[in-house]
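Asker: 3D model of this:
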Amino acid sequence: MKIYLIPGLGADKRMYHRQLAIFPEAEVLEYFLPEKMETISAYAKRLSEKIDTNSPFVLIGTSLGGIISMELSRILTPHKIILIASVKNRKELPLFIRSMKYLKLHRTLSGETFKRFNKFMVKRLDSRNDSEAAQIIKAMTDDVPSEFIEWAIDAVVKWNPELPHSQDVIHIHGTNDQLFPISKIKNALQIENGSHIMNMTMSKEVNRLLLEAIK
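Answerer: Residues are numbered from 1 along each chain as shown. So this is what the prediction gives:
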């Protein structure tokens with residue numbers, strides 16, 4: 001069964017190096033630049049062209065990749081959908097993100113500002129002896145185009161799917177996720193003290209749940 005991994009915002013296949021160790025045949029769907037004013041739904045439709053639907057497949061999405069997985073499930077029929085540190089619908093987004101749709105404060109956040117913030121967080125990771133994750137995140141942050149970051153933030157803020165997704169979702173979420181708090185998340189397999197980047201920093205626990213889910 002083919003497995004497709006979809007990265008988070010500002011990330012690429014490097015974020016999944018621990019998952020690729022247990023799923024070496026998996027394919028990471030790399031992002032491309034969006035069209036002007038493109039919605040997540042429209043973007044997912046273009047991304048779907050990279051998926052072979054002639055045989056059963058599994059979608060695994062982290063953060064932004066989970067949201068895109070949910071959109072893909074509205075136009076495709078995956079065998080399973082697995083989210084890591086993501087949200088299944090708009091109700092699971094924190095209030096500060098949902099309110100930005102009306103306040104439009106996110107438009108003051110440039111891609112370069114996001115990059116600087118990511119690099120600040122990398123220093124905190126390094127201080128907690130997560131140097132491997134810190135270096136990968138720094139490298140990915142340097143490489144992601146600023147225009148993609150700005151589009152993705154705006155697209156998530158506006159995300160409000162009208163159609164239901166095709167099937168049930170297996171949702172893996174950390175109790176210490178600061179971006180998508182666990183208090184908003186329904187029906188998730190919880191990882192104690194797991195953060196928003198737990199697939200990198202707590203890969204043993206995440207991989208165990210992934211293996212169980214794909215069985």
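Asker: list the contacts of L83.
Answerer: I60, G61, T62, G66, S69, M70, V169, I170, H171, I172, H173 (CB atoms under 8 Å, 6 or more residues apart in numbering). C-beta coordinates here come from the backbone N, C-alpha and C atoms, glycine included.
Asker: next up, phi/psi of it, please.
Answerer: Main-chain dihedrals, L83, degrees, to the nearest 10: phi -110, psi 140.
Asker: and it, how far from S99?
Answerer: Separation of L83 from S99 (CB to CB, to the nearest Å) stands at 23 Å.
Asker: number of nearby residues for A152?
Answerer: A152: 24 surrounding residues under other CB atoms under 10 Å.
Asker: excluding chain neighbours, what is closest to it?
Answerer: The shortest distance from A152 to any non-neighbouring residue, by CB to CB, 6 or more residues apart in numbering, is to L9 (5.0 Å).
Asker: next, count neighbours for that neighbour.
Answerer: Using other CB under 10 Å, L9 has 20 neighbouring residues.
Asker: for the protein, what's the longest helix?
Answerer: Ordering each helix of the chain by length in residues (DSSP state H) puts helix 111-127 first.
Asker: hmm, who's touching it?
Answerer: Helix 111-127 has contacts (CB under 8 Å, 6+ apart) with 10, 131, 133-135, 137-138, 141-142, 144-150, 153, 201.
Asker: run a quick neighbour tally on the nearest residue to A42 once chain neighbours are set aside.
Answerer: Leaving aside its chain neighbours, A42 sits nearest to E35 (7.5 Å; criterion: CB to CB, 6+ apart). E35 is flanked by 11 other residues according to other CB under 10 Å.
Asker: quickly find the element holding E35.
Answerer: Using DSSP states H and E, E35 maps to neither a helix nor a strand.
Asker: now it, what are its backbone angles?
Answerer: According to degrees, to the nearest 10, E35 has phi -80, psi 160.
Asker: got a pLDDT number for it?
Answerer: At E35, the pLDDT value in this model is 93.
Asker: check the one 10 residues further on too.
Answerer: According to the predicted model, the pLDDT of K45 comes to 96.
Asker: ok, the one 4 residues further on next?
Answerer: Per-residue confidence for E49 comes out at a pLDDT of 96.
Asker: helix, strand, or coil at it?
Answerer: Three-state call for E49 (DSSP: H, G, I helix; E, B strand; the rest coil): helix.
Asker: same thing with L209?
Answerer: The local conformation at L209, judged by three-state DSSP, is helix.
Asker: OK, contacts around it?
Answerer: I172, L189, I191.
Asker: same thing but 10 Å
Answerer: The contact partners of L209, taken as CB atoms under 10 Å, 6 or more residues apart in numbering, are I82, I84, I170, I172, L189, Q190, I191.
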